[in-house]
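**Q** With the input below, show me the fold.
(one chain, ligands or ions: 1)
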Amino acid sequence: MIDMNPQPAASREPGQTEPDHPEPGERAPDLGWPVGVVSERLAIAAPTLRSWDRRHGIGPSLRTRGNHRRYTELDIRRVLLMSRLTAQGVPAQSAADSVLAMDSGAIAERLDGDRGSAAPAEGDGLGRVPGEPGEPGVGGARAGEVEGSEQDATDLVEAIVGAARALDPRTMALLYRQVMRRRDVGRAWVEVFAPALRRVGDLWEEGRLGVQSEHLTSELLQSELRAVVRANRLRVAGLPVVLASADDEQHHLPLLALEAELACHGVASLFLGPRVPSDALVSALRESQPRAVFLWASLARPQAEPFWRDLEIIDWPLEVVIGGPGWPDGIAAPEGPVTVTRAADFGAAVTALVPRPGASVG
Ligand code: B12
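**A** Presented below is the predicted three-dimensional model:
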């Protein structure tokens, strides 16, 4: 969390001087805060602070006699607002222009209004980054951390869509981490990632955003979700659940979200990914003999396809869980020990795939 009010700083007039190097851990000198302290306090990399100063005029208004930068509290608030605006997809120069046009009252008002939709932390100095090893069930908020609010989720969706339109991978990655710091994988997917993807898809359909933005959004999300899987790899055990997208189906982000969530539950997956030919899937099932397989389809599938008939050779109890808007109604399970159920949402799929007595799908 960003501490907005640690110790008061500037109580002298601009131009007054003080020793250049305060002792480590010492209170800020009266003149203001050095760049390293501001960097640590706001979790913004020092080179970024220097660049905002040099290029956009968002920096320290004071200098020591030795020409070292010193930030006043107002300078720090300007930086904080700059970081929020850029995180929301506002180009740096426009963000700087807005910030510099505001007086201290307007800045304070804006920052107060933004509370609860805090800017993403820069660097990895703040809180958990998905993929950090050593925590059980890594992939969600730490105990004691404030959970993301509904407003926060709406702002994050908008900010992610803004970063997609601006083709800004850095901001997008920071936003994804911000989402994952405050939520477990399931909530992150349902509250932020899926709504952001749907918005991106709608904008693409309306011709208001290029497919390159869609690619960027999904590529970076894949790395974030995979980081959760990596961090939990040593915990997973047991027979894997097979995760695959239907034949010719390129969409597979829901599989990645499921793999991450299952990993947090200690459930192993055999992740086959997008466009798995039906015959290859059936072979994989025969070789691995899983208790369950999850199949995703975003694009419309035919009512009858050979896959369902091919399942007749399965001779152990296999639960086939289908998800996604592409599956038609009324898919019938073949004769034998295979059951077919439809998961209407992410939670239903998790319930069906995590072994728990009496689990059912919606
Ligand atoms: C990212 C994306 C891509 C990426 C895929 C990257 C990847 N690795 O997955 C790329 C750029 C490659 C791509 C390609 C294409 N895409 Co595309 N894509 C999307 C996008 C933005 C997100 C896909 C996604 O993950 N959706 C999953 C969730 C977020 O959305 P949902 O399915 O609507 O969710 C519903 C339920 O499924 C449920 N739900 C949500 N999450 C979960 C999770 C689980 C586990 C469960 C069970 C349920 C569930 O809740 C929702 C209902 O309330 C969608 C937009 C969209 N609305 O989905 C378009 C979208 C799916 N794509 C679309 C199209 C047309 C294509 C292309 C055909 C474009 C083209 N001409 O090349 C190709 C597909 C080629 C192919 N053979 O598959 C259309 C499909 C329209 C249709 N129904 O036919 C969509 C809907 C965009 C649009 N609005 O028009 N795409």
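**Q** how does the chain divide into domains?
**A** Domain assignment of the chain by automatic domain parsing yields the ranges 1-125, 150-229, 236-353.
**Q** and those domains, which is most packed in?
**A** Each of the domains of the chain was assessed for mean neighbour count using mean count of other C-beta atoms under 10 Å. The highest is domain 150-229, with a mean of 20. Every residue, glycine included, has its C-beta placed from N, CA and C.
**Q** how about the residues of the stretch 151-300 of the chain near the ligand?
**A** With C-beta under 6 Å from any ligand atom as the criterion, the stretch 151-300 of the chain meets the ligand at residues 194, 197-198, 200-202, 204-205, 211, 214-215, 218, 248-254, 258, 298-299.
**Q** For the protein, just list every one of the strands.
**A** Assigned by DSSP state E, the chain shows strands spanning 62-63, 69-70, 237-245, 267-273, 292-296, 318-323, 338-343.
**Q** Sort out for me which of the residues of the stretch 151-300 of the chain next to the ligand are in helices.
**A** Among these, the residues falling in helices (DSSP state H) are 194, 197-198, 200-202, 204-205, 211, 214-215, 218, 253-254, 258.
**Q** returning to what we had before: Throw the strands of the chain into JSON lines and include mean pLDDT, thanks.
**A** Converted to JSON lines, these look like this (pLDDT from 0 to 100):
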{"stretch": "strand 62-63", "mean pLDDT": "83"}
{"stretch": "strand 69-70", "mean pLDDT": "86"}
{"stretch": "strand 237-245", "mean pLDDT": "93"}
{"stretch": "strand 267-273", "mean pLDDT": "96"}
{"stretch": "strand 292-296", "mean pLDDT": "98"}
{"stretch": "strand 318-323", "mean pLDDT": "97"}
{"stretch": "strand 338-343", "mean pLDDT": "95"}
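**Q** looking at these, which is closest to Trp52?
**A** Trp52 sits nearest to strand 69-70 of all the strands of the chain, at 11.5 Å, using C-beta to C-beta.
**Q** Quick check: neighbours of the closest one in the sheet, parallel or antiparallel?
**A** Looking at strand 69-70 with DSSP bridges, its partner strands are strand 62-63 (antiparallel).
**Q** quick one: the partner strand to chain centroid distance?
**A** Distance of strand 62-63 from the chain centroid (C-alpha atoms, centre = their mean, to the nearest Å) equals 38 Å.
**Q** before we move on, what about stretch 308-328?
**A** Mean-position distance between stretch 308-328 and its chain equals 31 Å (C-alpha atoms, centre = their mean).
**Q** same check, this time on stretch 290-307
**A** From the chain centre to the centre of stretch 290-307 is a distance of 28 Å (C-alpha atoms, centre = their mean).
**Q** what does it contact?
**A** The contact list for stretch 290-307, computed with C-beta atoms under 8 Å, 6 or more residues apart in numbering, reads 239-249, 251-252, 254-255, 258, 270, 278, 281-282, 285, 317-328, 330-331, 343, 349, 352-353, 355.
**Q** measure that stretch end to end?
**A** Terminal residues of stretch 290-307 are spaced 17 Å apart (C-alpha to C-alpha, to the nearest Å).
**Q** contacting residues for Ser213?
**A** Counting by C-beta under 8 Å, 6+ apart, Ser213 has contacts 164-165, 167, 200, 203-204.
**Q** Which of these sits closest to the ligand?
**A** Val200 (4.7 Å; C-beta to the nearest ligand atom).
**Q** re earlier: go through the domains of the chain and find the least confident stretch.
**A** Confidence, taken as mean pLDDT, is least for domain 1-125 of the domains of the chain (a mean of 69).
**Q** Quick one: closest of the strands of the chain to Leu174.
**A** Across the strands of the chain, Leu174 has its closest neighbour in strand 69-70 (24.0 Å, C-beta to C-beta).
**Q** Serialize the contacts of Ser213 to TSV and add fields for distance to Leu81.
**A** Formatted as TSV, these follow (distance: C-beta to C-beta, whole Å):
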residue	distance to Leu81
Ala164	23
Arg165	21
Leu167	23
Val200	27
Leu203	27
Trp204	31
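**Q** Gly113: which of the residues you listed is nearest?
**A** Nearest to Gly113 among those, with distances taken as C-beta to C-beta, is Arg165, at 23.2 Å.
**Q** My read is that the closest one contacts Trp204, right?
**A** No. Assessed by C-beta atoms under 8 Å, Arg165 is found out of contact with Trp204, at 10.7 Å.
**Q** what residues are up against Ala257?
**A** Taking C-beta under 8 Å, 6+ apart, we find Ala257 in contact with 185, 189, 193, 225, 346.
**Q** Spatially nearest residue to the closest residue to the ligand within the stretch 251-362 of the chain, not counting backbone neighbours?
**A** Distances between the stretch 251-362 of the chain and the ligand by C-beta to the nearest ligand atom are smallest at Gly323, namely 2.7 Å. What sits nearest to Gly323 in space, not counting adjacent residues and going by C-beta to C-beta, 6 or more residues apart in numbering, is Ala343, at 4.4 Å.
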